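*Asks:* Give me a 3D structure for the following:
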Amino acid sequence: MTASRPAPLTGLRVFDLTRILAGPTATQLLGDLGADIVKIERPGQGDDTRKWGPPFVEEREAEGDHPRTAAYYLSANRNKRSLTIDIASEEGQALARKLAAECDIFVENFKVGGLQKYGLDYESIRQVRPDIIYCSITGFGQTGPYAPRAGYDYLAQGMGGLMSLTGEPEGEPIKVGVGIADVMCGMYAVAAILSALHHRHRTGEGQYIDLALLDSQVAWLVNEGLNYLTSGELPKRLGNEHPNIVPYKVLPCADGFFILAVGNDAQFRRFCGFAGRPDLPDEPRFATNYQRVTHRRALYEILEALGPAKTLDEWVEGLSELSVPCGPVNTLDRVFADPQIRHRGMKLRMEDAQTLKGHVDLIANPIKFSTTPVSYRYPPPRMGEHTEELLKEILDLPDAEIARLRASGAI
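*Replies:* Sure, this is the predicted structure:
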């Protein structure tokens, strides 16, 4: 194994003017990859998600009316340093432009045109940093009839078709239990930013990136989207079932639920032998995946009756030994106690002296590099925690000037 080196994006600086989840998710990942993330927040208020609780992390010192930090905020703000600037003031705008001129990447998720009045839009920033990579994340993009509208994860899941595919066949459309449209848009943003960086390395050119929650939601309809485009038939909600594969479903067992995800006829035969029904694969209705999809209701009635005969561990361990894809439906306590999750280090503990516990527990980055591992340097910051540090480090401002800016309300 090659000796560890600095994380891949070490040396790059990001001007982070994002809130809620999609933008912060993107900049947190860039931070994990080594980039220096300068999180810009409004003095006295900060990121709205700081207040999105409970649950909250108990802190040693109260801060205004909100002495605690919400777990929601912690989920997307690791590896950032917080600097408060009032971009509504002329002095704050000038300061923000000076900072942006020292950054490689600018990420924002304001409404379309919202930053132009502050002189922080792409055209303004490229005047002070011509090779800037500027990424705008909005609900509907910079163009089109919906561009002026505010957009949120829930709306994207509904308008982008995901909710029409999620839920029981006779029930109401259901959103995914986490803000998956936000998260996936953030992942697309990182891919786009890294691609723009590669282009800049080759040509010296920066560029503008226009990303929309709705666009990214439609992009990952994947097989269900293609099922519709190919057949012209609207997919129906199937609950926990798969439209093209049977059996592929959550089944009950003696003490919970397990997932059965049979991908071919050989796996189905092995499953049936273990389940005590070796006759099923020889029935014409169930002999091939095509026949099983056609007769899914009849097959699932049989399998659901078989499930309670064994415990969760008996099903999972027994089928895994036979190389039949399966797994438990874990609650989150089981997730973070799972030996595979623990081995992979997916629970991250970072020291944080401002909390009563002296640390915060976070979810780790899943990327495993052989040479340039991800870097965990800062726990999610308090509002304005690094204001003086960053102004001195990036702009070399003296103490007197920082004090003047604070007195004027610009920071």
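
*Asks:* what are the ranges of the strands in the stretch 201-350 of the chain?
*Replies:* 207-212, 248-253, 256-261, 326-328, 347-351 (DSSP state E, counting those that start in this stretch).

*Asks:* Tell me where the protein is predicted with low confidence.
*Replies:* 1-3, 61-67 (pLDDT under 70).

*Asks:* Per the annotation, how does it divide into domains?
*Replies:* Listed domain ranges for the chain are 13-220+347-408, 248-336 (source: automatic domain parsing).

*Asks:* got the end-to-end distance for the longest one?
*Replies:* Looking back up the chat, that one is domain 13-220+347-408. 27 Å (Cα to Cα, to the nearest Å).

*Asks:* would JSON lines of the domains of the chain with mean neighbour count and distance to residue 229 be doable?
*Replies:* In short, each C-beta sits where N, CA and C put it, glycine included. Output for the domains of the chain, formatted as JSON lines (neighbours: other Cβ atoms under 10 Å; distance: least, Cβ to Cβ, whole Å):
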{"stretch": "domain 13-220+347-408", "mean neighbour count": "18", "distance to residue 229": "11"}
{"stretch": "domain 248-336", "mean neighbour count": "16", "distance to residue 229": "19"}
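
*Asks:* Those: which one's closest to residue 5?
*Replies:* domain 13-220+347-408 (5.1 Å; Cβ to Cβ).

*Asks:* tell me the phi and psi of residue 254?
*Replies:* phi -60, psi -30 (degrees, to the nearest 10).

*Asks:* Quick check, residue 268 in contact with residue 247.
*Replies:* Yes: applying Cβ atoms under 8 Å as the test, residue 268 and residue 247 come out as touching, 7.1 Å apart.

*Asks:* Which residues are in contact with each of these two?
*Replies:* Any residue near both residue 268 and residue 247 by Cβ atoms under 8 Å, 6 or more residues apart in numbering counts here, and that gives 262, 292.

*Asks:* returning to what we had before: for residue 237, find the nearest of the domains of the chain.
*Replies:* For residue 237, the closest of those is domain 13-220+347-408, at 4.9 Å, according to Cβ to Cβ.

*Asks:* Tell me which residue lies nearest the centroid of the chain.
*Replies:* In the chain, the centroid-proximal residue (Cα atoms, centre = their mean) is residue 183; its distance is 2.9 Å.

*Asks:* Residue 57 versus that one, what's the distance?
*Replies:* 21 Å (Cβ to Cβ, to the nearest Å).

*Asks:* Same check on residue 396?
*Replies:* Taking Cβ to Cβ, one finds residue 396 at 34 Å from residue 57.

*Asks:* got a list of what residue 277 touches?
*Replies:* Shown in contact with residue 277 (Cβ under 8 Å, 6+ apart): 302, 306.

*Asks:* try residue 98
*Replies:* Residue 98 makes contact with 128, 395 under the criterion Cβ under 8 Å, 6+ apart.

*Asks:* can you tell me the helix or strand for it?
*Replies:* helix 90-101 (DSSP states H and E).
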